[in-house]
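Enquirer: Whatever this is, show me its structure:
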Amino acid sequence: MINNKVGLIGGGNMARAIGGGLLRGGMHVTDLLIAEPVPERCEQLRKELYGAMVTEDNNLVARSVDTLLFAVKPQILKTVCEALANEVQSSRPLIMSIAAGPRINDINAWLGGGLSVVRVMPNQPALIDQGISALFANEQTSDEQKEQAERIMTAVGHAVWLDAESKMDAVTAVSGTGPSYFYLLIDIMIESAKKFGIDEDTARTLAVETARGATALAAAETESMSKLIDRVRSPGGTTTAAFEYLDAADARGIFANAIDEAEKRAAELAKVAASAG
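Expert: Next comes the predicted model:
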């Protein structure tokens, strides 16, 4: 359970997920503070996270918390950080950022330097406490602060630590972007079932529950994915027919190339963020 005050800069979906996860995990509602510039979204947050302090004032949050988590778009992170530098230098909270791209050294510099900073890449299933987050901390971050950062992110799922920040772009491409790959496959399965005459509700149930079951089995087993595929496939069977077509079309290569493009874009976002403002 989190016993320190946590502030979120930005009130979008991921901030809502993290805030909700912290409260469900036992954090006292008065220890959660959220800054969001859009009044309508503030009202929504006050209803969803009843009792938490929700304000349009970033400075108020920054001066009042032990951990300050930035949940804003990477393109505006530099501007948001620089506007808070004086406040953060005075209050010295642990800094966390879930923005894709911007590097720890840049975030630290935008906030005036000398700070404990943890970069985090969560993913969308955090909305239902089923996320996976990768974390990397700079050298100023103490073991206690790392534990604090991990407790915050495990409130919405699992967490892993990286041994090099350079790997964060790959994490962004694999797990940050990853849910969309599965949604695509589920959608293809739904549309194919409908083409064969299955009604939409049944098609969705078949596809989603197949994905859920396959994921659960993959998590429970220690075998490689190729061996799990082989356990479904039999010579001359339907899975063999499907995979002969997929292999001929280089489906694996297409997906691998798509993930490569996502990784490149994550690196580009860091450059865009650094030159913004």
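Enquirer: Going along the chain, name the strands of this structure.
Expert: 6-9, 32-35, 53-55, 67-70, 94-97, 117-121, 131-137, 157-161 (DSSP state E).
Enquirer: Residue 22 contacts residue 154, doesn't it?
Expert: No - assessed by CB atoms under 8 Å, residue 22 is found out of contact with residue 154, at 10.3 Å. Glycine gets a C-beta too; all of them are placed from N, C-alpha and C.
Enquirer: So these two - more neighbours on which side?
Expert: residue 22 (24 against 15; other CB atoms under 10 Å).
Enquirer: quick one, phi/psi of the closest residue to the more buried one other than its chain neighbours?
Expert: Nearest residue to residue 22, sequence neighbours excluded (CB to CB, 6 or more residues apart in numbering): residue 155, at 4.9 Å. Main-chain dihedrals, residue 155, degrees, to the nearest 10: phi -70, psi -20.
Enquirer: Pull the contacting residues for residue 155.
Expert: Counting by CB atoms under 8 Å, 6 or more residues apart in numbering, residue 155 touches 2, 18, 21, 22, 24, 25, 27, 129.
Enquirer: residue contacts, the fourth one?
Expert: In this case it means residue 22. Contact analysis of residue 22 by CB under 8 Å, 6+ apart lists 2, 6, 32, 152, 155.
Enquirer: and which of those is nearest residue 125?
Expert: residue 155 (13.2 Å; CB to CB).
Enquirer: At which residues are the helices of this protein located?
Expert: 13-24, 39-48, 58-62, 74-91, 104-110, 143-154, 168-171, 178-195, 200-220, 225-232, 238-248, 251-275 (DSSP state H).
Enquirer: Of those, which is nearest residue 124?
Expert: Comparing the helices of the chain by CB to CB, helix 178-195 comes nearest, at 4.7 Å.
Enquirer: Point out the other helices and strands that the closest one packs with.
Expert: Applying 3 or more CB pairs under 8 Å, 6 or more residues apart in numbering; DSSP states H and E, one finds that helix 178-195 contacts helix 200-220.
Enquirer: packing partners for the helix it packs on?
Expert: Going by 3+ CB pairs under 8 Å, 6+ apart, helix 200-220 lies up against helix 178-195, helix 225-232.
Enquirer: Format those as JSON lines; extra columns: mean pLDDT and mean neighbour count.
Expert: Below are the helices and strands packed on helix 200-220 laid out as JSON lines (pLDDT from 0 to 100; neighbours: other CB atoms under 10 Å):
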{"stretch": "helix 178-195", "mean pLDDT": "98", "mean neighbour count": "14"}
{"stretch": "helix 225-232", "mean pLDDT": "96", "mean neighbour count": "11"}
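Enquirer: so which of the ones you listed comes closest to residue 165?
Expert: helix 178-195 (19.4 Å).
Enquirer: what's the angle from the closest one to strand 131-137?
Expert: 160 degrees (axes from the mean of the first three to the mean of the last three CA atoms, to 10 degrees).
Enquirer: contacts for helix 178-195?
Expert: So helix 178-195 is in contact with 123-125, 200, 202-204, 206-208, 210-211, 255, 258, going by CB under 8 Å, 6+ apart.
Enquirer: Going by distance to residue 245, which of those residues wins?
Expert: residue 255 (14.8 Å).
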